[in-house]
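**Student:** show me how the following folds:
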Amino acid sequence: MKKKREIPLVVISDVHLGTYGCQAKELLHYLKSIHPQTLVLNGDIIDMWSFSKNYFPSSHMNVLRQILKMSNQGTRVIYITGNHDETLRKYSDLILGNFELVDKLILELDGKKTWIFHGDVFDSSTKGYAKILAKLGGKGYDLLILINSFINWLRVLFGKEKRSFSKMIKDSVKKAVAFVSNFETTAAEIAIEKGYSYVVCGHIHKPQMKEIVNEHGKVLYLNSGDWVENLTALEYKKKKWSIYHYQKSEFADQDPNEIDTTYDIITKILSE
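**Tutor:** Presented below is the predicted three-dimensional model:
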């Protein structure tokens, strides 16, 4: 087994445990490969909007078990609530050992103030497209992800790599591109106004790291992406941020007998 990577800070978001699109097996591989001092779960980790589907397989539960194990072994775990797990907001500011539940977080990293929050607070200020995203996050988005999962199941059968066709579709929609741009600009402008050096979001499933400058200053905008389409995380080490992209080849020696559950998922849906 490879030695775990020591990382001061890791940020993940938009895992959507409890949905058909969640890539829980891949996330578990990643979590088992790292030993962070602090793990920030930046919203939409558990998708409570989808609990009515009565779908929460063992692979999803194993992710929660691994996070609890990391907490028990000394990692500071900070769960920031998002819109899909907003039910948890009634328990905000809860602290249990190394586990904390908050709505937003301000950290000081090597003397630089860092503002971390999920990002759904901007939905009311980004006009009508937020409603479209919400719908995509429901039945329409689930169908898109399900079709994508079936196509990838076939690709794997024929020895090809998985591809996110749903992501390609969203990235090609002009309104979606404009929404992402407005989201990033809004987050950056507020962060600059408040004097933060870094602003870290999730919510829009778009991994990003870029400096944004206006007449009042500059800020490094970061987005941790998701574990549905992009399979990304943010890592902070040696005073630098980086975007981690999951690569199947890194974990080729793990779980060799594990069967892709896509077929089982499709069978379950068709039988409902």
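**Student:** next, the residue nearest to D103 when sequence neighbours are not counted: phi, psi?
**Tutor:** In this structure, D103 finds its nearest non-sequential neighbour in S92, 5.0 Å apart by Cβ to Cβ, 6 or more residues apart in numbering. (Glycine included, C-beta is placed from N, CA and C.) Backbone torsions of S92, given as degrees, to the nearest 10, read phi -50, psi 150.
**Student:** S92 against T81, yeah?
**Tutor:** Yes: under the criterion of Cβ atoms under 8 Å, S92 makes contact with T81 at 6.7 Å.
**Student:** re the thing from before, the residue nearest to D103: neighbouring residues, count only.
**Tutor:** 14 (other Cβ atoms under 10 Å).
**Student:** all helices for this protein, in order.
**Tutor:** Assigned by DSSP state H, the chain shows helices spanning 24-32, 58-72, 129-136, 139-157, 165-172, 174-194, 262-271.
**Student:** if we can go back for a sec, give the intersection of the neighbour lists for S92 and T81.
**Tutor:** Contact criterion Cβ atoms under 8 Å, 6 or more residues apart in numbering; residues shared by S92 and T81: 101-103.
**Student:** pull out the buried positions in stretch 54-66.
**Tutor:** By neighbour count on 16 or more other Cβ atoms under 10 Å, the buried set for stretch 54-66 is 55-57, 59-60, 62-63.
**Student:** so for that stretch, mean pLDDT?
**Tutor:** For stretch 54-66, the mean per-residue pLDDT is 93.
**Student:** list of residues touching it?
**Tutor:** In contact with stretch 54-66 (Cβ under 8 Å, 6+ apart) are residues 15, 17-20, 22, 24-25, 27-28, 31-32, 46, 261, 268.
**Student:** how near is E184 to L101?
**Tutor:** Separation of E184 from L101 (Cβ to Cβ, to the nearest Å) stands at 26 Å.
**Student:** more crowded one of the two?
**Tutor:** A direct count of neighbours by other Cβ under 10 Å for E184 and L101 places E184 higher, at 22 against 19.
**Student:** wait, the more buried one touches V219, no?
**Tutor:** No: when contacts are counted by Cβ under 8 Å, E184 is not listed as touching V219 (10.5 Å).
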